[in-house]
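Enquirer: Give me the fold of what follows.
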Amino acid sequence: MINIGIIGLGNVTLVMHLPILLSRDDLNISWICDTKNDVNNICGKKKIPFFNELDDALEKKIPELVLITAPYFQRMKIFKKLENKVSGIYFEKPFALNLKEYLDFSKNFENYALTVGYQRRSLGIVQTLKKIIDNKTFGALNAISINFGDIHYNYGGFRSNKLMAGGGIFLESGSHWIDAALFISGAKKIDNFTKKVKYVDELDVHGEGEFNIIDNSNNKIKCNFKCTVLENTTNKIDFKFNNCTIELFLFDDNSKLSITNNSAQKFYIEDSVMENFPNDSLSQGSSYWNTFVNSYKNKKTSYTSINEFLLTTQVIEHFYDK
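Expert: Numbering: from 1, shown residues only. Presented below is the predicted three-dimensional model:
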């Protein structure tokens, strides 16, 4: 049995992390810590000890793992209280704005013992597309085009404050798309990063640019991106080959991969073994947690291990570097 503490009981934890963790018989939630007293009722119903202060929670029990979902601006203070006490941490994204933060968070932990909540890596369509590209089913991947955002996106609460949120649309949501593109393409390096960014109250509301991905076979893949709240986009990633393009809708539950050939004929792809499962938010979260916990138990790296997110952090650093 692995004891786990939870820091932050917001909407993401309530609708995803908490149900997943409660459903596992190999995990025990030692306590939940949150500054809001109103979540104490939820903890009481689940018979989970609740604390307002992390120091009090750690005095009660030091768990083996900790889930941190508190906002970005609180992370370093929390981490400093945990790093010499716990064996592993699950950071809900955003994790780090630059490589220095990445190294500060990860330097004293085993790779398999830390992860970041880019759970869409577990989606069936993501795993299927990665397998297609790894096997060169349609030949070499030439280019990737990422388009995300619409005019209805709303910055509310702490996300409206640069110091509290860390960044705007690119960090909050666009980083999911960047991470998926890097993961699926088998990226080992990036170069030639360029960008154009528009800010409102120091938060990025529109960002576009391009960079090269160098994959594990040293192939160069051109990648362009747009993350915005100033216009409506297609909200998809296009993976372009010589004879076709595969469309990935990363935020849509139950979506399928679609392939369009050079004659504009469209087909749908479904893995005969995986059947595009997991295919929704809760099932992908469950799968991601399962991979992370198994990696931790077996002391083996996986796609949830922290070293797998170095390039994602590097792109974030390039984007916010002024």
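
Enquirer: which regions of this structure lie under the pLDDT threshold?
Expert: Within the chain, the stretches with pLDDT under 70 are 272-274.

Enquirer: Determine the longest helix present in it.
Expert: Across the chain, the helix with the greatest residue count (assigned by DSSP state H) is helix 281-298.

Enquirer: Now do it: everything it contacts.
Expert: By CB atoms under 8 Å, 6 or more residues apart in numbering, the residues outside helix 281-298 that reach it are 2, 15-17, 19-21, 23-24, 26-27, 65, 87-88, 90, 112-113, 115, 117, 119-123, 253, 277-278, 301-305. All C-beta spots, glycine's among them, are computed from the backbone N, C-alpha and C.

Enquirer: Quick one: buried ones out of these?
Expert: 2, 16-17, 20-21, 24, 27, 65, 88, 90, 112-113, 115, 117, 119-123, 277-278, 302-305 (16 or more other CB atoms under 10 Å).

Enquirer: which residues touch the residue nearest the centre of the chain?
Expert: The residue lying closest to the centre of the chain (CA atoms, centre = their mean) is Tyr118, at 1.7 Å. Contacts for Tyr118 were tallied using CB under 8 Å, 6+ apart; they are 93, 175-176, 179-180, 183, 309, 312.

Enquirer: For the residues you listed, name the two members farthest from one another.
Expert: Lys93 and Phe183 (13.5 Å; CB to CB).

Enquirer: returning to that earlier point: how near is the residue nearest to the centre of the chain to Phe138?
Expert: Tyr118 sits 25 Å away from Phe138, taking CB to CB, to the nearest Å as the criterion.

Enquirer: how about Asp191, what does it touch?
Expert: Neighbour list for Asp191: 211-212, 214 [criterion: CB under 8 Å, 6+ apart].

Enquirer: One more pass at 10 Å, please.
Expert: 211-214, 220 (CB atoms under 10 Å, 6 or more residues apart in numbering).

Enquirer: what's the answer for Asp55, then?
Expert: Contacts were defined as CB under 10 Å, 6+ apart; by that measure Asp55 touches 33, 81.

Enquirer: Helix or strand: which one has Leu67?
Expert: Take DSSP states H and E as the rule and Leu67 turns out to sit in strand 65-68.

Enquirer: picking up where we left off before, what helices and strands are in contact with whichever helix or strand comes after the longest helix of the chain?
Expert: Towards the C-terminus, the helix or strand next in line after helix 281-298, according to DSSP H and E, is helix 310-320. On a contact count with 3 or more CB pairs under 10 Å, 6 or more residues apart in numbering; DSSP states H and E, helix 310-320 meets helix 99-106, helix 175-185, strand 187-200, strand 203-215, strand 220-228.

Enquirer: and helix 310-320 with strand 203-215, angle?
Expert: Here helix 310-320 runs at an angle of 140 degrees relative to strand 203-215 (axes from the mean of the first three to the mean of the last three CA atoms, to 10 degrees).

Enquirer: Dump helix 310-320 to PDB, restricted to CA.
Expert: Coordinates of the C-alpha atoms in helix 310-320 are reproduced here as PDB (Å, rounded to 0.1, in the frame of the first residue of the first chain):
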ATOM      1  CA  LEU A 310      12.600  18.000 -20.700                       C
ATOM      2  CA  LEU A 311      11.800  19.100 -24.300                       C
ATOM      3  CA  THR A 312       8.400  20.300 -23.300                       C
ATOM      4  CA  THR A 313      10.000  22.600 -20.700                       C
ATOM      5  CA  GLN A 314      12.500  23.700 -23.200                       C
ATOM      6  CA  VAL A 315       9.800  24.900 -25.600                       C
ATOM      7  CA  ILE A 316       8.000  26.700 -22.800                       C
ATOM      8  CA  GLU A 317      11.200  28.400 -21.800                       C
ATOM      9  CA  HIS A 318      11.800  29.500 -25.400                       C
ATOM     10  CA  PHE A 319       8.200  30.900 -25.600                       C
ATOM     11  CA  TYR A 320       8.400  33.000 -22.500                       C
END
